[in-house]
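Enquirer: Curious how this folds, go ahead:
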Amino acid sequence: MERIINVELLNYLLQHGLISKYQHGFLYKYKHSTCSNLLESVHDWAVALNSRYTTDIIYIDFEKAFDSVSHQKLITKLESYGICDDLLEWFKAFLSNRTQVVNISGCLSETVHITVEFHRVAF
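Expert: I've put the predicted structure just below:
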């Protein structure tokens, strides 16, 4: 079910111009990935260096970025994109009553419950 929602949500975002088809991460439909992003970047850097342009490169790794995203802000963003009704409620349910555990070399931390209260934010 998650895969179906992922595909349909991505199609919706692309069709409504809410996400660029030039984004690389998670756009498998366009055969874009973090790997294709790196290949395109290296090509652009090589062209710039061969043209003797000064080239500054800053690369940020957002691995596990979803773990730090405010769930309330994510829901608010989805609402602003027109996601509503049952689908929005599904996202809320998916993000509610979550727990997290840290695993370091097989040693697990205590389970921590993540509590999020969703409310409508007025702009």
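
Enquirer: the strands in the chain, which residues?
Expert: 98-100, 103-104, 107-108, 112-114 (DSSP state E).

Enquirer: can you list those strands in CSV and add distance to residue 55?
Expert: For glycine as for every other residue, the C-beta is placed from the backbone atoms N, C-alpha and C. Listed next are those as CSV, based on distance: least, C-beta to C-beta, whole Å:
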stretch, distance to residue 55
strand 98-100, 39
strand 103-104, 38
strand 107-108, 43
strand 112-114, 41
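
Enquirer: quick one: low-confidence parts of the protein?
Expert: Residue ranges of the chain with pLDDT under 70: 26, 28-29, 61-67, 115-123.

Enquirer: one more time with 90
Expert: Applying pLDDT under 90 to the chain flags residues 1-8, 10-11, 13-15, 17-41, 54-74, 90-102, 112-123.

Enquirer: so what are the domain limits for this protein?
Expert: Split into domains by automatic domain parsing, the chain comes to 1-59, 69-123.

Enquirer: Residue 69: how many residues sit nearby?
Expert: When counting by other C-beta atoms under 10 Å, one arrives at 11 neighbours for residue 69.
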